[in-house]
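>>> What shape does this take:
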Amino acid sequence: MNQAPSPNLADPAPSPHDALQTQDGRASAPLLTVRSAVYSYGSELALQGANLQLAPGEILAVTGPSGSGKSTLMLVAAGVLAPTAGQVIFNGRVISDDSEGERSRLRRTEFGVLFQFGQLVPELTAGENVALPLLLDGAKRQQARAAAGLWLERFGVADLIDVRPPDMSGGQSQRVAAARAMVTEPSVLFADEPTGALDTMSGEAVMREIVRVAREAGTGVMLITHDAKVAAYGDREVLVRDGTTNELSINLRNGDDR
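Here you go, the predicted model:
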């Protein structure tokens, strides 16, 4: 990405109170708002006044070429990185002002993250991988395993509960990773290129499962992708280019749950 001398704030930043349209057509206050976010890696600007909003239960496709800043935008929105300027607002609270410890607690309880390669712990079974976030948050082992079984079932891989990642296919592994991301019943799922390591058929099957389960749970999804076919699963699309954002289209799927 080319270095830019200053952030581009030409586009009006969204207010955290601006109404968004949910998938069923009703107006809703944004669940998550990124307002005029700036982030630098040293002297290089990765975000230059980026803006977006996510409604409860909405699937928002965030697209753009490699190096455009879309993954940095996700990390800022999820509270992994604190913006050098601008704000991140979740449920009306400015979480970008919180300490790292407070943001970390939020990620354990309200946010789920699904990465391109799943990042399962290879020594643990599928059930143990999915139960891990609950155990780290203090849940009892029996309770965590029961919840893990339920979420593996929702993603169609309950039979893998005692299988370790090296013995799974790529699609199976990504479904287990998705179950782990959803086991805490987060308000927002951040999915960073969730099908990027899969073949076309496996990728489409995983996306259908993610969309179905997110709809059932009422979870908002911030979907990072460079693939137009994956972006088509979104309700809206935001393009990131050179660290700035531009909304491309509204209601991409027109209520079609595929």
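>>> What is the helix or strand that contains Leu45 packed up against?
With elements taken from DSSP states H and E, the one containing Leu45 is strand 44-54. Helices and strands touching strand 44-54, as assessed by 3 or more C-beta pairs under 8 Å, 6 or more residues apart in numbering; DSSP states H and E, comprise strand 32-41, strand 59-63, helix 70-77, strand 85-90, strand 244-250. The C-beta positions use only the backbone N, C-alpha and C, and glycine is treated the same way.
>>> closest to Gln172 out of these?
Proximity to Gln172 (C-beta to C-beta) singles out strand 59-63 among the helices and strands packed on strand 44-54, at 22.7 Å.
>>> Residues contacting that closest one from elsewhere in the structure, which ones?
Strand 59-63 is touched from outside by 23, 52, 54, 70, 73-74, 211, 214, 220-226, 228, 230-240, 248, 252, with contacts defined as C-beta atoms under 8 Å, 6 or more residues apart in numbering.
>>> Now, those that are in strands?
Among those, the subset assigned to strands under DSSP state E consists of 52, 54, 220-224, 236-240, 248.
>>> Buried among these? Make that a ChimeraX selection.
Of these, the buried ones go into a single ChimeraX selection, burial set by 16 or more other C-beta atoms under 10 Å:
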select :52,54,220,221,222,223,224,236,237,238,239,240
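>>> wait, which of the ones in strands among the contacts of strand 59-63 is closest to Asp137?
Of all the ones in strands among the contacts of strand 59-63, Gly220 has the smallest distance to Asp137: 20.6 Å, by C-beta to C-beta.
>>> how about that closest one, what does it touch?
31-32, 54-60, 187-189, 214.
>>> Which one of those residues is nearest to Gly127?
Leu189 (20.3 Å).
>>> Direction included, what does the helix or strand hosting the closest one pair up with?
Assigning secondary structure by DSSP H and E places Leu189 in strand 188-192. Take DSSP bridges as the rule and strand 188-192 pairs in its sheet with strand 111-114 (parallel), strand 220-224 (parallel).
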